[in-house]
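Student: pasting a predicted model and its sequence here:
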Amino acid sequence: MTKIKKLAIISSDLVVKQFMTQTIESILGNAIEITGFSLKELREPIWEFPVVLTSHSYLLEAARKMFPSSNIIAGKKMLNGKNLEKLLLLPEMERVLVLNTPQPLAAEIIQNLRDLGINHLEYVAYDPNLPENVKKREYAGIDAAISPGLRHLAPANIKNVIDIGHRTITPATLWELLYALDLPMEYLDIYLLQHTNLLMDSARKLAESLGHSEILRKEREFILDKVDDGILSTNKHGDISLANSVLEQIFDISVGNWIGRPISEFLLYIGLTAHTDKEMLDTVFTYRKKTLTCNKAWIHNTCDATIYSFKEVCKIVEFEKNIRRKLSEKGFVAKYNFGDIWGIDGNLKLAKEKAKRFARTNQTILITGESGTGKELLAQAIHLNSAQKSGPFLAINFAAIPDTLVESELFGYESGAFTGAKKEGHMGVFEQAHNGTLFLDEIGDASLSIQVKLLRVLQEKEIMRIGGSKKIPVTVRIIAATNTSLSDKIALSQFREDLYYRLNVLPIEMPALRSRKQDIMLILEKYLKKTYNVQKKIAPPVRHTLKECQWRGNVRELLNVADYFFYSSQGKAEITSADVPPYLYEPAACGHTNSPPTPAEYKSRREDNMLNTLKAFITLGRDNIGRTNLLFEIRKTDTRMTEHKLKKTLEQLRQRGFICIGVTKQGSSITMEGLQFYYANITEPQ
């Protein structure tokens with residue numbers, strides 16, 4: 001279930017906050033959850049927002065204090081074109097007060113206006129900090145003011161306040177925001193088209209107000225020359241009314257020779273026929289050995305103009321490379337190296353030495369070992385010491401993703417590939433890991449149908465998105481891992497033998513923690529020091545208990561115990577038996593057998609997990625129960641339950657029809673069949 005992304009917007013002014021919130025919502029729609037704050041509304045630090053957008057850079061310091069764990073983006077602003085024709089009607093060299101607060105923002109607006117060529121006025125930046133008597137003297141004789149949606153700042157003596165509207169965010173700010181939220185760059189195209197349309201409408205008003213078409217042409221040229229695409233515009237008769245300089249560069253033409261001529265002539269000249277459909281999206285064609293794309297769109301809310309945009313495919317490829325690099329920088333990177341895998345055991349050292357040698361090759365690696373032994377840490381260390389270290393590192397866990405979603409996560413899908421698909425499509429992990437490493441965790445849980453597709457990708461080194469028709473080449477280093485015996489699965493016809501030999505080129509086995517007892521105290525002490533910066537004495541009985549435990553969860557379980565030690569022994573210099581998690585004293589945890597559970601024991605544990613989970617549903621009220629509350633309730637009686645186990649148990653219950661899993665934030669509910677199953681199988685008195 002995809003968790004919706006969250007964005008906080010912070011401004012010093014309530015009105016600006018509302019405008020920025022509405023602006024972002026109009027662009028991104030339902031893709032994110034947006035919450036706006038003004039400085040007056042912030043009282044203490046907030047931790048729940050991964051990304052924060054400020055209305056200006058001067059708010060960065062305040063934002064960092066209020067959102068200490070967030071990625072802070074300083075918004076940059078530009079004019080939206082509203083009422084600019086009224087400014088041009090003002091007399092030459094008239095003194096005009098430019099309103100905004102703080103004063104540097106007023107200076108920014110003045111520069112924005114000058115950049116647009118509105119230089120016939122004498123601008124005065126409003127300073128809200130001046131004493132009232134100084135304001136009267138400094139602003140004396142000023143009859144007009146320019147306001148970016150902040151009319152309340154205007155002095156009482158100024159009657160002519162021209163509201164040019166709130167400034168909107170720049171394309172660069174939106175690009176940075178999309179990158180931070182991991183959203184598709186198609187939103188940038190939508191925004192640029194919307195903003196271009198607004199400015200072109202404003203330019204039309206300028207021409208009508210002044211009765212001077214040259215102003216319209218220059219205004220449009222200024223706007224369109226700021227866009228990286230080749231752009232031309234047509235009027236309601238289909239004649240070319242405007243083209244930018246980028247179009248000249250792409251087609252090596254003089255746009256002046258085409259103004260006023262039918263668009264059909266131009267399309268024929270470049271090798272395209274005139275299109276009568278309302279939209280022409282991503283049409284690919286060749287012009288003088290250049291591969292280009294063409295898009296066509298109508299200006300919103302009117303049918304009197306059409307915009308055509310042209311882009312060179314080579315620039316799109318370069319842009320995609322840049323995006324891949326940014327994705328890698330953003331977080332698809334390995335964090336752990338060989339030094340982060342602690343231990344002095346001989347078998348562990350042997351595994352690390354093998355991994356260091358294998359890292360220098362491009363061969364596929366298969367890491368085996370029980371759950372919690374550090375297979376992903378080893379995979380990340382291999383990546384960081386490989387030729388792919390500058391590329392992304394991505395991981396997919398086949399045990400954690402329902403079979404119905406695995407294929408789309410691996411290979412991605414095209415727009416409209418199935419009901420519920422994103423309209424912009426989705427890039428799978430194979431594409432995202434291009435020129436990097438893909439870690440296939442719990443590969444033994446992959447279905448046979450997925451195994452067939454994986455085998456083909458490993459052989460052909462290309463993928464095809466769901467609903468797509470073109471093959472996409474990918475260069476990816478594969479590291480797979482499993483906590484089960486793939487040989488046994490092959491014997492049971494649950495795993496393909498040919499895929500096994502594709503994966504098992506360079507095998508590495510990670511030893512279980514119970515087989516390297518000398519590492520237990522070393523790991524425990526290192527973790528407490530690194531995570532909590534504490535060094536505590538550990539009582540001999542506790543040391544004995546830790547060494548006797550079977551550590552079914554391996555290092556992951558040991559680190560959980562270390563967390564428990566830290567909180568249970570706070571205020572004490574020594575960890576004693578009273579600070580040990582109770583379950584470690586149970587025979588199942590501290591028995592003397594190293595043999596794994598039998599199939600019957602596995603089945604019994606699974607049934608117990610299901611019954612305990614159904615009991616938690618009943619205790620908590622049956623309907624709309626979140627996973628966090630379920631886990632808290634279950635752990636009151638079963639401390640071995642983890643979030644990963646609970647996710648698998650919920651999926652098993654759903655498959656048997658015992659629960660219904662809701663959509664985002666709705667929680668899950670027990671069904672009548674689930675109630676009947678619980679009461680038919682409980683053994684405790686009710």
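Tutor: That came through, no problem. Residues are numbered from 1 along each chain as shown.
Student: tell me which helix or strand comes right after the one helix or strand Phe285 maps to.
Tutor: Assessed by DSSP states H and E, Phe285 sits inside strand 280-287. Remark: after strand 280-287, the chain's next helix or strand is strand 290-298, criterion DSSP H and E.
Student: how far off centre is the helix or strand following that following strand?
Tutor: Proceeding N to C from strand 290-298, the next assigned helix or strand is strand 306-312, under DSSP H and E. With CA atoms, centre = their mean, to the nearest Å as the basis, strand 306-312 stands 29 Å off its chain's centre.
Student: and strand 306-312, which strands flank it?
Tutor: strand 230-234 (antiparallel), strand 290-298 (antiparallel) (DSSP bridges).
Student: for these, state which one has the densest average packing.
Tutor: Each of those was scored by mean neighbour count; the highest is strand 230-234, a mean of 21, by mean count of other CB atoms under 10 Å. Using the backbone N, CA and C atoms, a C-beta is placed for each residue, glycine as well.
Student: what's downstream of it, the next helix or strand?
Tutor: Next along the chain from strand 230-234, counting by DSSP H and E, comes strand 240-243.
Student: what residues of whichever helix or strand comes after that following strand count as buried?
Tutor: Next helix or strand after strand 240-243 toward the C-terminus (DSSP H and E): helix 245-251. By 16 or more other CB atoms under 10 Å, the buried positions in helix 245-251 come out as Val246, Leu247, Ile250, Phe251.
Student: wait, the last one sits on Ala243?
Tutor: No: taking CB atoms under 8 Å as the definition, Phe251 is not a contact partner of Ala243, at 9.6 Å.
Student: pretty sure Pro507 is in a strand, no?
Tutor: Yes: assessed with DSSP: H, G, I helix; E, B strand; the rest coil, Pro507 lies in a strand.
Student: quickly list the domain ranges of the chain.
Tutor: For the chain, the structural domains run 1-76, 84-164, 187-330, 338-509, 513-590, 599-681, going by automatic domain parsing.
Student: just put those in JSON lines and tack on mean pLDDT and distance to Tyr179.
Tutor: As requested, the domains of the chain are arranged in JSON lines below (pLDDT from 0 to 100; distance: least, CB to CB, whole Å):
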{"stretch": "domain 1-76", "mean pLDDT": "85", "distance to Tyr179": "9"}
{"stretch": "domain 84-164", "mean pLDDT": "82", "distance to Tyr179": "24"}
{"stretch": "domain 187-330", "mean pLDDT": "71", "distance to Tyr179": "6"}
{"stretch": "domain 338-509", "mean pLDDT": "89", "distance to Tyr179": "14"}
{"stretch": "domain 513-590", "mean pLDDT": "88", "distance to Tyr179": "31"}
{"stretch": "domain 599-681", "mean pLDDT": "81", "distance to Tyr179": "23"}
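Student: sorry, back to before: give me the common contacts of Phe251 and Ala243.
Tutor: Counting by CB atoms under 8 Å, 6 or more residues apart in numbering, the residues touching both Phe251 and Ala243 are Gly230.
Student: let's verify the closest residue in space to Gly657 that isn't next to it in sequence: helix, strand, or coil?
Tutor: Take Gly657 and drop its neighbours on the chain: the residue closest to it by CB to CB, 6 or more residues apart in numbering is Glu673, 5.0 Å away. With three-state DSSP as the basis, Glu673 sits in helix.
Student: equivalent analysis for Lys648, please.
Tutor: helix.
Student: that one against Ala399, yeah?
Tutor: Yes: between Lys648 and Ala399 there is a contact at 6.9 Å, judged by CB under 8 Å.
Student: and those two? which has more neighbours close in?
Tutor: The neighbour comparison of Lys648 against Ala399 (other CB atoms under 10 Å) goes to Ala399, with 18 against 15.
Student: need the contact list for that one.
Tutor: When contacts are counted by CB under 8 Å, 6+ apart, Ala399 touches Asp441, Glu442, Asp445, Lys648.
Student: that one and Leu378, how far apart?
Tutor: Separation of Ala399 from Leu378 (CB to CB, to the nearest Å): 18 Å.
Student: also Pro473?
Tutor: Counting by CB to CB - Pro473 and Leu378 are separated by 28 Å.
Student: surely Leu448 touches Glu497?
Tutor: No: counting by CB under 8 Å, Leu448 stays clear of Glu497, with 11.8 Å between them.
Student: between the two ends of stretch 152-163, how far is it?
Tutor: The straight-line separation of the ends of stretch 152-163 (CA to CA, to the nearest Å) is 11 Å.
Student: likewise stretch 146-158?
Tutor: Across its full length, stretch 146-158 reaches 10 Å between end residues, using CA to CA.
Student: list the buried residues for it?
Tutor: By neighbour count, with 16+ other CB under 10 Å as the criterion, the buried positions of stretch 146-158 are Ile146, Ser147, Pro148, Gly149, Leu150, Leu153, Ala154, Ile158.
Student: which of the three states applies to the fourth one?
Tutor: Think Gly149. Of the three states, Gly149 takes coil under three-state DSSP.
Student: got it, and the first one?
Tutor: The assignment at Ile146 comes out as strand when based on three-state DSSP.
Student: which ones are touching the residue nearest to it when sequence neighbours are not counted?
Tutor: Take Ile146 and drop its neighbours on the chain: the residue closest to it by CB to CB, 6+ apart is Val98, 4.9 Å away. Taking CB under 8 Å, 6+ apart, we find Val98 in contact with Ala106, Ile109, Ile110, Leu113, Tyr123, Val124, Ala125, Tyr126, Ala145, Ile146.
Student: many thanks, I have nothing further to ask.
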